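In: Here's my sequence, what's the structure:
(chains A and B)
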Amino acid sequence: MSERVKSISNPRLSLNILSPEDVHAIHRASLRVIESVGVRFPSPRALDIWRSHGAEVDPGSMVVRAPGRLIEEALQKAPPVYTLAARNSVLDLPLDGNHVYVGTDGCGVEVIDIHTGERRRSVLQDVENIARVADYLEEVAFHWVPVSAQDCPPESRGLHELLAIWKNSTKHVQTESIYSGREARAAAEMAAVLAGGKDALRRRPLLSIMECTVSPLGHDGGSLDAALVGAEYGLPVGFMSMASSASSAPATPAGNLVVANAEVLSGLALVELAYPGAPVFYAAAQTVMDLRTGAYTGGGPEDFLFGAASNRLADFYRVPLSMGSFATGAKEPNWQAGLENSLSTFMSSLAMSDMLLGVGLLSGSTVWSFVQMIMDCEIFGIIAKMMEGIAVNEETLAVEVIREVGPGGTFLTHGHTKRHLREIWQNSFLDRRPFSVWEKKRDGAPDWARDKAKSILETHRPAPLNPELEQELRRIISSIKP
Amino acid sequence: MKKEELFARIEKAIIEGRKSEAEDLAREAVKAKIDLTEVIEKGYVPGIQKVGDLWEKGDYFLPELITSAECMKAAMAVLQPELDKANIKTKTKGKVVIGTVEGDIHDIGKNLVASMLSANGFDVVDLGADVKLEKFIEKAEETKADFICLSALLTTTMLGQKKAIELLRQKNLYGKFKVLVGGAPANQKWAEEIGADGYAENAMLAVKLAKRLMGA
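Out: Alright, predicted model coming up:
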C-alpha cells in the first residue's frame, strides 16, 4: 500500500456550465422557495432553533419559512476551508478547493460475492473486506459505508459499520448511514476515543457525517438530529439532495437545482445557526427519474450536468462539495458502467468537486462489486491524468529534440523520450493486447480486476487498531439498546 | 579493472541504455585483451536478457527496450572488427534479411523488429523500405540467410508478401528460407494462406518466433 492518496489538484482543464448570472438566479430562486414555500424540518430540536432565530414555523406541518437574509448570514459563518482528518495523518484530506478526492460509494444492500460470483445480502464482513481493499487503493481517499451490515441490530448497525471500517483502514470515514441523534452521539464518542479526546477530535475530525434530504423540500427528523450532534462535536456535516427530475423535482434541470439547493441550504443554515462556524459541506446527487417507470436512473446526461453545476453552487456558498458520481445504473461492469462512471466523474472533476462518491456500486448504488470498484479506480486515474492538461514550456515543446531527430527519424530512443515516458498514463485494465492474444485467452478487464481485488484481500494487512481502543469502541456500541 | 567488474558494468550500461558507455567499455575490453566472446556472453548478452525480462514484467517500456538494443548494436560495432581480425566467429542465432516490401514506405515496425532481432543475437541485413521483391531473394541467397522478413502496412502492399513467396516458388527456392510476415494488415491466417513460415504481432514476439523456428 502506498502511503498516499491520489487526488486531482492544480487542474489545467475547466468548464463553463453556469454563468455568474445563472448562479445568482438559482440562488435567488432558492431563497424565494425557502422564504415563501418553506422546507419541512420534522425535528422538535430543529424547529426550536429556527423559531429562536425568527423563522416562521408551522407546528402542524413542521414547515419552516425563513427569510433569505437569515439563510445568507448563517451560511457566511461556514468555514470555506478545512481538513478531513485521517487516523494516519499522512492521509489527511484538505478540502481547500484545489483537490478532488474519491470515496467508496454507499450504501449498498447486496454484494456480488468475489469468490462465488453470486449476488447476496450484504453483511458486516463485507464492510470489513471492502474497507480493507479501499485502504490499499491510492485512488480511494476516504470511506463511505459501502454496504449495509444487515447481520447487525438495526439500532446500532451504523456503529458496527464504522468499527468495521476503522478496524481495516486508517483513512478518513464519512458515514452516510447514521440517522438518529442517539447513534450520531455514539459515533462521535467513538471517533473521540480514536482521536484521543473530544478536543483532539474537534481539531482532527476523523469522521464526517452525510445526511440525505427528503425531496422535495424536506428533511428527515433523525437525520437532522444526527447532523446537529455531529456539528456539536465539530465533525463536518453535509446534506445531500437526490432530487429526481419529473417526480421529486421539476422536470427542468434548473428547477431541480432550485429544489435541491433549497433543501441543502436550509439544512446547512440550520447547523450554522446552532453551531456558528461548524464545518459543513454541500452534498448532491440529483438525477432524473426513468420516464417510463419512475425508477432511479443513476446516470444520464442530466445527471452529469448536475455534477458540474452543483459545484458552481457550492463554490458560490464557499463550502466544499460531496458529489454523487460513478454509481452506474448498470447491472454488471460493462459498457454502460464505463460510460456513466467516466462521464459523471469527468464532469464533476472538471468543476473540481471536493469529494466524489464513489467507487464500487452497481445498479444505482445498490449492489457492491469489487470488480467495478477496481475498474472505477482506473477511470479516476484516466480522468486525473486528463485534468493535468498539457504543459507548454521549452522542455515540452522540445524543438531542439525535434531538430536532432529530423524528418524520418525516431524519437523512440532519444533521451527526451526516456525523461518523459513515465509521465505517460499507463493502463492496468484497458485491453491493448494483440487480437490473437485475446482470442486465445478470451479474458479482459473484469477478470484482471477480480484477480487484483482477490490479491489485495489476501495480502493487504492494514495498520491494526489498538485492541484496548477497540474494546472501548465496542463498549460504546453495546450501550445502544433497542 | 577486474574482468568480473567490467562484465557487471557492461551489463548495467546495457540495462540503463547508456550508448557511449557501452561503446567505451567495449574499447576497454579490447585494450585489456580480454576474451571478447566472454565479454559478449557474460556482459552484453545478460544485459539485453535482463532488459527483455524487465519489459516482460511491465517495468520497461518500448523506448527503453529499443534504446538498450541500440546500445548493444553500437558496442557490437566496436567489437566486430576485432573479432574479424582475430578470426573469431561469433555464434549467430540466425541470419535475417529484412525490409518493407515494394510500394510501401512505412518502416517503423520493421525497424523495431530489426533492432530487436539484432540485439538478440541475430545477424540482420536491413534492406530498408520500398524494397523490390527480387532484392530480398538476391540478398538472402548472397548472405545464405535463414530468414526473409517481409513488412507491409497497407492492404495493397501486403500483396507483395504473397508475390515474394510466389517468386520463391518460381525460382525453386521455396523452403530454402523461412519467410516471416508482419505489419498491421497481416495476421496468422494470412501467413498460412500465402505459405509463409510465420507471423508475429510485435517485435518481441518476432524474436521469440525466430528463435523457435531456429530450434533455439
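In: what number of residues lie near residue 205?
Out: Picked chain A for this. Neighbourhood size, residue A:205 [other C-beta atoms under 10 Å in any protein chain shown]: 24. Heads up, the C-betas are built off the backbone N, CA and C, glycines and all.
In: not quite, I wanted chain B
Out: Residues near residue B:205, counting by other C-beta under 10 Å, number 18.
In: The one 4 residues further on now?
Out: A total of 19 residues lie near residue B:209 under the criterion other C-beta under 10 Å.
In: Count residues in the vicinity of residue A:422, would you?
Out: Using other C-beta under 10 Å, the number of residues around residue A:422 comes to 9.
In: Need phi/psi at it.
Out: phi -80, psi 0 (degrees, to the nearest 10).
In: Got the confidence number for it?
Out: The model reports residue A:422 with a pLDDT of 93.
In: Contacts only, for residue 176.
Out: Unless you meant another one, I'm taking chain A. Residue A:176 makes contacts with A:106-107, A:144-145, A:210-212, A:240, as judged by C-beta atoms under 8 Å, 6 or more residues apart in numbering or on different chains.
In: wait, I meant chain B there
Out: By C-beta under 8 Å, 6+ apart, residue B:176 lies in contact with residue B:168.
In: Longest helix in chain B, by number of residues?
Out: Ranked by residue count and defined by DSSP state H, the top helix of chain B is helix B:62-85.
In: which residue ranges form the helices in chain B?
Out: Under DSSP H, chain B gives helices at B:3-15, B:19-31, B:36-39, B:45-57, B:62-85, B:108-119, B:133-143, B:159-170, B:188-194, B:203-213.
In: so which of those is the most packed in?
Out: helix B:108-119 (a mean of 23; mean count of other C-beta atoms under 10 Å in any protein chain shown).
In: What average pLDDT does that helix get?
Out: On average, helix B:108-119 scores 93.
In: Stretch A:83-93 too?
Out: 97.
In: I would like the residues contacting that stretch, please.
Out: Against stretch A:83-93 from outside (C-beta under 8 Å, 6+ apart): A:3-5, A:7, A:94-95, A:99, A:101, A:141-142, A:166, A:170-172, A:174, A:194-195, A:203-206, A:208, A:236, A:463.
In: how about residue B:57, what does it touch?
Out: Per C-beta under 8 Å, 6+ apart, neighbours of residue B:57: none.
In: that older thread, residue A:351 is nearest to which of the helices of chain B?
Out: helix B:62-85 (36.1 Å; C-beta to C-beta).
In: What values do phi and psi take at the residue in chain A that chain B sits nearest to?
Out: Using C-beta to the nearest C-beta, the closest approach of chain A to chain B is made by residue A:434 at 3.5 Å. Here is the backbone geometry of residue A:434 (degrees, to the nearest 10): phi -60, psi 150.
In: Touching, it and residue B:201? I think so.
Out: Yes - between residue A:434 and residue B:201 there is a contact at 3.5 Å, judged by C-beta atoms under 8 Å.
In: So which of those two has more stuff around it?
Out: Comparing residue A:434 with residue B:201 by other C-beta under 10 Å, the one with more neighbours is residue B:201, at 18 against 13.
In: and that one, what does it touch?
Out: A:434-437.
In: Top of those by number of neighbours, please.
Out: residue A:436 (15 neighbours).
In: residues touching that one, list them.
Out: Residue A:436 makes contact with B:187-188, B:201 under the criterion C-beta under 8 Å, 6+ apart.
In: what residues go with each domain of chain B?
Out: Domain ranges of chain B: B:3-85, B:94-213, per automatic domain parsing.
In: still on that earlier bit, dump the helices of chain B into CSV; add distance to residue A:182 as well.
Out: What follows is these, written out as CSV (distance: least, C-beta to C-beta, whole Å):
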stretch, distance to residue A:182
helix B:3-15, 63
helix B:19-31, 71
helix B:36-39, 79
helix B:45-57, 54
helix B:62-85, 60
helix B:108-119, 68
helix B:133-143, 85
helix B:159-170, 78
helix B:188-194, 68
helix B:203-213, 63
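In: what residue ranges in chain B score low on pLDDT?
Out: Confidence mapping of chain B against pLDDT under 70 gives the ranges B:216.
In: If we use 90, what do you get?
Out: Residue ranges of chain B with pLDDT under 90: B:1-2, B:56, B:58, B:86-92, B:119-121, B:202, B:204, B:215-216.
In: Would you mind listing what in it touches chain A?
Out: Contact residues (C-beta under 8 Å from any C-beta of the partner chain) of chain B with chain A: B:17, B:61-64, B:66-67, B:70, B:108, B:111, B:187-188, B:201-202, B:205.
In: Would you work out how far apart the start and end of stretch B:26-37 are?
Out: End-to-end distance for stretch B:26-37: 12 Å, by C-alpha to C-alpha, to the nearest Å.
In: who's in contact with that stretch?
Out: For stretch B:26-37, the surrounding residues in contact (C-beta under 8 Å, 6+ apart) are B:1, B:3, B:6, B:10, B:39, B:43, B:75-76, B:78-79, B:82-83, B:86, B:88, B:90.
In: 6 Å instead, please
Out: Stretch B:26-37 has contacts (C-beta atoms under 6 Å, 6 or more residues apart in numbering or on different chains) with B:3, B:39, B:75, B:78-79, B:82-83.
In: Can you tell me which of the residues you listed is closest to chain A?
Out: Using C-beta to the nearest C-beta, the contacts of stretch B:26-37 come closest to chain A at residue B:75, 14.6 Å.
In: Quick check, that closest one in contact with residue B:24.
Out: No - Residue B:75 is not in contact with residue B:24 according to C-beta atoms under 6 Å; the separation is 9.1 Å.
In: about what we covered before: C-alpha coordinates for the longest helix of chain B, CSV please?
Out: Output of helix B:62-85 as CSV, limited to C-alpha atoms (Å, rounded to 0.1, in the frame of the first residue of the first chain):
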residue,chain,number,x,y,z
LEU,B,62,9.5,0.0,-25.7
PRO,B,63,11.7,3.1,-25.8
GLU,B,64,13.9,1.6,-23.1
LEU,B,65,13.9,-1.8,-24.9
ILE,B,66,15.0,-0.3,-28.2
THR,B,67,17.5,2.1,-26.6
SER,B,68,19.2,-0.9,-25.0
ALA,B,69,19.1,-2.8,-28.3
GLU,B,70,20.8,0.2,-30.0
CYS,B,71,23.5,0.2,-27.3
MET,B,72,24.1,-3.4,-27.9
LYS,B,73,24.4,-2.8,-31.6
ALA,B,74,26.8,0.1,-31.1
ALA,B,75,29.0,-1.9,-28.8
MET,B,76,29.0,-4.9,-31.2
ALA,B,77,30.1,-2.5,-34.0
VAL,B,78,33.2,-1.7,-31.9
LEU,B,79,33.9,-5.4,-31.2
GLN,B,80,33.2,-6.8,-34.6
PRO,B,81,36.4,-5.6,-36.4
GLU,B,82,38.5,-7.0,-33.5
LEU,B,83,36.6,-10.3,-33.8
ASP,B,84,37.2,-10.4,-37.5
LYS,B,85,40.9,-9.6,-37.1
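In: Right, I'll leave it there.
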